[in-house]
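# The sequence and its predicted three-dimensional model are supplied below.
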Amino acid sequence: MTGRAMLEVNNLKKYYRVTSGLISRSIGEIRAVDGVSLTVNKSEVLGLVGESGCGKSTLGKTILRLEEPTSGEIKFNGIDVVSLDRRSLRELRGKMQIVFQDPDSSLDPRMTIGGTIAEAFTVHGISDPVEMEDRIARLLEKVGLEADFGERYPHEFSGGQKQRIGIARALAMDPQLIIADEPVSALDVSVQAQILNLMMDIRDRDGLAYIFVSHDLSVVRYLSDRVAVMYLGKIVETADKTEFFRNPLHPYTEALLSAIASLRPEGGERILLTGDVPSPLDPPSGCRFHTRCRRVMPVCSQIDPELNQIAPGHLVSCHLYA
Amino acid sequence: MKPETVLEVKDLKTWFFTRRGTVKAVNGVDFVLRKGECLCLVGESGCGKTVTALSILRLFDNPPGRIVGGQVMYKGADLTTCPMPYLREVRGGDIAMVFQNAQSSLNPVFTIGDQIAEQVMVHERISRAKALDRARTLMEEMNIPQPVRALKMYPHQMSGGMKQRAMIAMSLSCSPEILIADEPTTSVDVTIRAQIIHILRELKIRRQMSIIFITHDLSLVKEIGDRAAVVYGGRVVEVAAVENILKSPAHPYTVGLIDCLPDVSSQAKRLPSIPGNTPNPLEMPPGCPFHPRCSRVMDICRLTMPASVKITDVHKVSCHLFGDKNGGIAR
């Protein structure tokens, strides 16, 4: 961790109002992201882990302001992202990009691959056709496709190739940060490895940083430098990768790790969590995990624990370590 | 010593005759299922593992699909040719199936209790009250909190994990001898997945049930399987006890699958990967279907389909690397 962080997120919140009936009476709000703070340094990979509905995808989108934050602060290279007007935001988006989970639904089936990538250039003011074509060819080669694939349509490609195209498009404006939202979970195992390798090659070559959103801890372990675990809109634990997998502290992290045979510590027991993730519309009081925690104490249902530093770089939000 | 065989699939071929050509989705699958064991069918999308499962109970769409060869032997009868009324009794009664997507397998306009009771009443002549009572016991067995309340719920009121457990409860309602579970945990979260795996392991032990567990995830195979059959291009390319498959895989495809799991070689800088994509089922390569992606391909692989060879008593593989030196066929 050297110098200033490239991305700083402070106490970010994204609430969705839930309405019902004809007059859209408000019946509550979903706190999808509820006070998240994190930093990402230059060419660092932050793995963001959690179960479905924990807010990890919303967090990714809110950082790019694809969703407007309810409150909080986002700083990218010192620029306050939240207060940017549309034009400056568009400029900034070239440097912060997103790759989605489903490559099928993120490509326009009626547009050639080249056309899809060219849109990124047009938006950012590059319109010289010769330059554009040249850059498209270079991008396709960069992600391991053939330069003349630009003429083809999405249905001519396999899932893995489509995800490569998604990555090529994200790389169009030489971004510094890519938020990858479950980029490999829709792919077959043998193809998954190809895409992970490609992402790591790009990072090594171009010094990119990633926020890698995933539910798969073994993938996160492979490519992250740091890991953060989310549960119901909050980060419950974050640490450097080695520390995280060697010394998981939060009972939720422990359970997540123990669910996967190869990640379970030597001789470790399998921890079975009871019940489901509670509804974010009506999260439990106090610590949100207390309804499923095997080490629950009386204080847990009353006071929401703070995110405390336990060791250098290792933060946990749990009363056990307060 | 060897436990009895409850189901035997012999050279099963299920082809789909489409306008664009013939898809040989299942093209000569062989395996046996023994009492009280969990056999995992492992493979990537399109390899034919799901069609294999559907073929056992003839649940695929016909047309375009048709079983063009092979047998599925259960209790002395061949399920591929037996009369429909008999098959209907076997379905759900003796052999039950759990599908990947619980959401689309449950009827949205009936309560869970009604749906479970319906199945019980179809197979056994008992009253609705008794059937509902059975449903409650099953829901308890599935560790569903407040089972009585859960029975009165409609599918949309339940979470994904609960729906999947309700599906398992439904499939168990007539105490089947065999449970076929097709990717039952793919659409649920890790912690819920752990719960479902736990339930299936318990069932295997307590009820001595035989399970065919279909998955693409090798780490799950380690969790639940006794034996595993690796499927590629519509055929079983390797079958062995789970520890043999994971520790000493023989087929280059199995080796590749295991190597490209990120957790096994977590310290390595690059993940080994299998080049190329799974083959287009309309244009299966000649010879061994894996040869275009295989790192150890030989001339013979492009021409002839390898036969299944025993490398130990419990380990069989279909690969020319392990063939008889004279090119003969050992079975």
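Yep, that arrived.

# number of nearby residues for the closest residue to A:Lys14 other than its chain neighbours?
In this structure, A:Lys14 finds its nearest non-sequential neighbour in A:Val33, 4.1 Å apart by Cβ to Cβ, 6 or more residues apart in numbering or on different chains. For every residue, glycine as well, the C-beta is placed using N, CA and C. By other Cβ atoms under 10 Å in any protein chain shown, the residues close to A:Val33 number 30.

# Now do the same contact list for A:Val33.
Contact analysis of A:Val33 by Cβ atoms under 8 Å, 6 or more residues apart in numbering or on different chains lists A:12-14, A:55, A:58-59, A:62, A:69, A:233.

# do that again at 7 Å, thanks
By Cβ atoms under 7 Å, 6 or more residues apart in numbering or on different chains, the contact list for A:Val33 reads A:12-14, A:55, A:58-59, A:62, A:233.

# who wins for most neighbours among these?
A:Leu59 leads the contacts of A:Val33 on contacts (other Cβ under 10 Å) with 28 neighbours.

# Residues of chain B that sit close to chain A?
Residues of chain B found near chain A, taking Cβ under 7 Å from any Cβ of the partner chain as the criterion, are B:44-45, B:145, B:159, B:161-162, B:189-195, B:198, B:216, B:219, B:222-223, B:256-257, B:260-264, B:266, B:270-274, B:277-278.

# Just the buried subset of those residues, please.
When burial is judged by neighbour count using 16 or more other Cβ atoms under 10 Å in any protein chain shown, the buried members of the residues of chain B next to chain A are B:44, B:159, B:161-162, B:189-195, B:216, B:219, B:222-223, B:256-257, B:260-264, B:271-274, B:277-278.

# Would you report which members of those residues are assigned to helices?
Residues of these located in helices (DSSP state H): B:161-162, B:190-195, B:219, B:222-223, B:256-257.

# Of all pairs in those, which one is the farthest apart?
Farthest-apart pair in these is B:Met162 and B:Gly256; separation 36.6 Å (Cβ to Cβ).

# Which residue, other than its chain neighbours, is closest to residue 233?
You didn't say which chain, so I picked chain A. A:Asp34 (3.7 Å).

# I was thinking of chain B, sorry if that wasn't clear
Counting by Cβ to Cβ, 6+ apart, the residue nearest B:Gly233 is B:Pro289, at 2.9 Å.

# hang on, the earlier thing: next one: phi and psi at the residue nearest to A:Lys14?
phi -130, psi 120 (degrees, to the nearest 10).

# what's the answer for A:Arg90, then?
phi -60, psi -40.

# ranges for the strands of the stretch 201-322 of chain A?
Taking DSSP state E, counting those that start in this stretch, the strands of the stretch 201-322 of chain A run over residues A:209-214, A:226-231, A:234-240, A:308-311, A:314-316.

# Pipe those strands into JSON lines and attach mean pLDDT per row.
Formatted as JSON lines, the strands of the stretch 201-322 of chain A follow (pLDDT from 0 to 100):
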{"stretch": "strand A:209-214", "mean pLDDT": "94"}
{"stretch": "strand A:226-231", "mean pLDDT": "95"}
{"stretch": "strand A:234-240", "mean pLDDT": "95"}
{"stretch": "strand A:308-311", "mean pLDDT": "92"}
{"stretch": "strand A:314-316", "mean pLDDT": "95"}
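
# what are the ranges of the helices in the chain?
You didn't say which chain, so I picked chain A. A:56-63, A:86-93, A:113-123, A:129-142, A:159-171, A:189-206, A:217-223, A:241-246, A:251-258.

# try chain B instead
B:49-56, B:84-93, B:102-105, B:112-123, B:128-141, B:147-151, B:160-171, B:190-207, B:218-224, B:242-247, B:252-259.

# Mind telling me which of those the model trusts least?
Lowest mean pLDDT of those: helix B:102-105, a mean of 81.

# returning to what we had before: for the helices of chain B, give me JSON lines that also has distance to A:Val18.
Output for these, formatted as JSON lines (distance: least, Cβ to Cβ, whole Å):
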{"stretch": "helix B:49-56", "distance to A:Val18": "37"}
{"stretch": "helix B:84-93", "distance to A:Val18": "39"}
{"stretch": "helix B:102-105", "distance to A:Val18": "21"}
{"stretch": "helix B:112-123", "distance to A:Val18": "25"}
{"stretch": "helix B:128-141", "distance to A:Val18": "29"}
{"stretch": "helix B:147-151", "distance to A:Val18": "23"}
{"stretch": "helix B:160-171", "distance to A:Val18": "20"}
{"stretch": "helix B:190-207", "distance to A:Val18": "24"}
{"stretch": "helix B:218-224", "distance to A:Val18": "35"}
{"stretch": "helix B:242-247", "distance to A:Val18": "46"}
{"stretch": "helix B:252-259", "distance to A:Val18": "43"}
